[in-house]
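Participant: here's my sequence, what's the structure:
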Amino acid sequence: MSIASPTNNSSVSSASVTVQGTVKDNLEVARVAYTLNSSAEKPLTITPGTTASYSFTLSLSAGSNSLQVNAYDPAGNKGSSILNITYTPPPNPPPPTSGSWWKPTPATPISWHWQLSQDFQVPRDVKPNVYVYDFDGEHATASTVKALKDWGTSQGKQVIAICYIDVGVYENYRSDVQKFVDAQNLLRQRTGDPNAKLWGNADVGWAGSYWLDVRQIDLLKPIMEARISSWCKDKGFDAVEPDETEVWNNNPGFPISMAQSHAYTQMIAGLAHQYGLSVGLKGNNGEAAALEPYHDWALTEQCFQYGECQNFVDSFIKNGKAVFNIEYSVSPNCTFANQKHINAARRDLNLVGPTASGYLYQPCMPDGSTAWP
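Facilitator: Numbering: from 1, shown residues only. Now for the predicted structure:
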């Protein structure tokens, strides 16, 4: 038996590939089936005879794929042909060189407020002399974003609203969970593996949160685009904070490489720009230089605690892009932060609102500062 196309050890740039071949048997080819990546065997439609042709279409996973076509005679004797195919998704477009979205610089201090544990409310959570706000996009309403911007106008200032969304984890409490379930079912259908998973190990410390298999860009991109469109753009936000993108080194339950994780992060940044929104690099402290060209600013947690702030100085600050830093268990080195023009502060771990119990805010530069020391 033979597989005519594609050829063994071939590389393709499309997830969809048509497989064609011919099987011959001196007695009769009774049936033909295939397995993909060790999935359950799936039958093919053929006309039994001494020669049988087959043609079918597969949906490949990014990376290496192993296809085995099995042919059986009436007695159940089996012959097999194995084909290895590598699917390399098209590269993400290069970083944009222009755009009218928000592009904060490190030239002057930027006072900002970050709130995730409570739904943001106006005027309750508005702070004097603070004109950049970062809060959850799903739970926000367009009226809240408008009220915040109207408040800024009343102060003679432009308010920037940053839309927080999770892009690297599946959260079982989000309103769009069915989209993830549907995507996982599609993954199972195309691989023939009833146990294939789109999300894997738990994101330790965050109940109901599980790492996504970000290699499956074609399945996840429509979900994330819908979030950016409906949760961020349609509500009037100016920018996106895409969280949990550092999947590859967080024990996700999948063999995800740094390059695959970066490809996903770059895709997310491209979506934000596609909708005319500014986008920040969240985390990825060790890969700031590689990902800086795709992002307009950076938000780093605990870079002082782990000695990683220089990575952002050498990439984002060097290229005229603002850096925001939050520390939780230690105070930032304000001398270093102010010298390097990093907007640094110590905050409470839950990032509650300014009127809530447990609120902690200790900035290196007082709110409203207009120049670095």
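
Participant: give me the contacts around stretch 65-82.
Facilitator: Residues from elsewhere that reach stretch 65-82 (CB atoms under 8 Å, 6 or more residues apart in numbering): 1-3, 8, 19, 21, 23, 25, 27-38, 41, 52, 54, 58, 83-87. Every C-beta, even on glycine, is put in place using the N, C-alpha and C of the backbone.

Participant: er, stretch 45-53 actually
Facilitator: Contact with stretch 45-53 is made by 20-32, 54, 71, as judged by CB under 8 Å, 6+ apart.

Participant: if we can go back for a sec, out of the contacts of stretch 65-82, which are inside strands?
Facilitator: 2-3, 19, 21, 23, 25, 27-29, 31-36, 52, 54, 58, 83-87 (DSSP state E).

Participant: in the least confident helix or strand in the chain by mean pLDDT, what counts as buried?
Facilitator: Per-element confidence for the chain was summarised using mean pLDDT, DSSP states H and E. The lowest value among helices and strands belongs to strand 2-5, with a mean of 75. Along strand 2-5, the positions that meet the burial threshold by neighbour count (16 or more other CB atoms under 10 Å) are Ile3.

Participant: which is the succeeding secondary structure element to that strand?
Facilitator: Going down the chain from strand 2-5, the next helix or strand is strand 10-12, by DSSP states H and E.

Participant: hang on, the earlier thing: and the ones in strands among the contacts of stretch 65-82, which of them are buried?
Facilitator: Neighbour-count burial within these applies to 3, 19, 21, 23, 25, 29, 31-36, 52, 54, 58, 83, 85, 87; the criterion is 16+ other CB under 10 Å.

Participant: scan the chain for its longest helix.
Facilitator: helix 258-274 (DSSP state H).

Participant: report the rounded mean pLDDT for it.
Facilitator: Averaged across helix 258-274, pLDDT comes to 94.

Participant: for it, buried residues please.
Facilitator: 260-273.

Participant: and the residues you listed, which is closest to Asn251?
Facilitator: Within these, proximity to Asn251 (CB to CB) peaks at Ser261, which comes in at 12.8 Å.

Participant: so that closest one touches Glu246, yeah?
Facilitator: Yes - between Ser261 and Glu246 a contact is recorded at 6.9 Å, counting by CB atoms under 8 Å.

Participant: and Thr47, how many residues sit next to it?
Facilitator: By other CB atoms under 10 Å, the residues close to Thr47 number 9.

Participant: so it sits in a helix?
Facilitator: No - remark: Thr47 does not belong to a helix; assigned using DSSP: H, G, I helix; E, B strand; the rest coil, it is coil.

Participant: and the residue nearest to the spatial centre of the chain, what are its phi and psi?
Facilitator: When the chain is reduced to its mean C-alpha position, the nearest residue by CA atoms, centre = their mean turns out to be Val167, at 4.0 Å. Phi and psi for Val167, reported as degrees, to the nearest 10, are phi -120, psi -10.

Participant: not counting sequence-adjacent ones, nearest residue to it?
Facilitator: The spatial neighbour of Val167 that comes closest, neighbours along the chain excluded (CB to CB, 6 or more residues apart in numbering), is Pro242 at 4.4 Å.

Participant: identify the bridge partners of that neighbour.
Facilitator: Under the criterion DSSP bridges, Pro242 forms beta bridges with Ile165.

Participant: distance of it from Thr144?
Facilitator: Pro242 sits 20 Å away from Thr144, going by CB to CB, to the nearest Å.

Participant: more neighbours: which of the two?
Facilitator: Set side by side, Pro242 and Thr144 show unequal neighbour counts under other CB under 10 Å, the larger going to Pro242 at 28 against 19.

Participant: name the SS class of Ala183, please.
Facilitator: Relying on three-state DSSP, one would call Ala183 helix.

Participant: could you say what helices and strands the least confident helix or strand of the chain packs with?
Facilitator: In this structure, strand 2-5 makes packing contacts with strand 16-29, strand 78-87, judged by 3 or more CB pairs under 8 Å, 6 or more residues apart in numbering; DSSP states H and E.

Participant: what angle separates the shortest one from strand 16-29?
Facilitator: For strand 78-87 and strand 16-29, the angle between their directions (axes from the mean of the first three to the mean of the last three CA atoms, to 10 degrees) works out to 170 degrees.

Participant: could you identify the helix or strand that succeeds strand 78-87?
Facilitator: Next in line after strand 78-87, if elements are assigned by DSSP H and E, sits strand 112-115.

Participant: can you list the domains in the protein?
Facilitator: Annotated domains of the chain cover 2-87, 112-363 [automatic domain parsing].

Participant: distance from the first one to the middle of the chain?
Facilitator: Centroid separation for domain 2-87 versus its chain: 34 Å, with CA atoms, centre = their mean, to the nearest Å.

Participant: I'm done for today, thanks for sticking with me.
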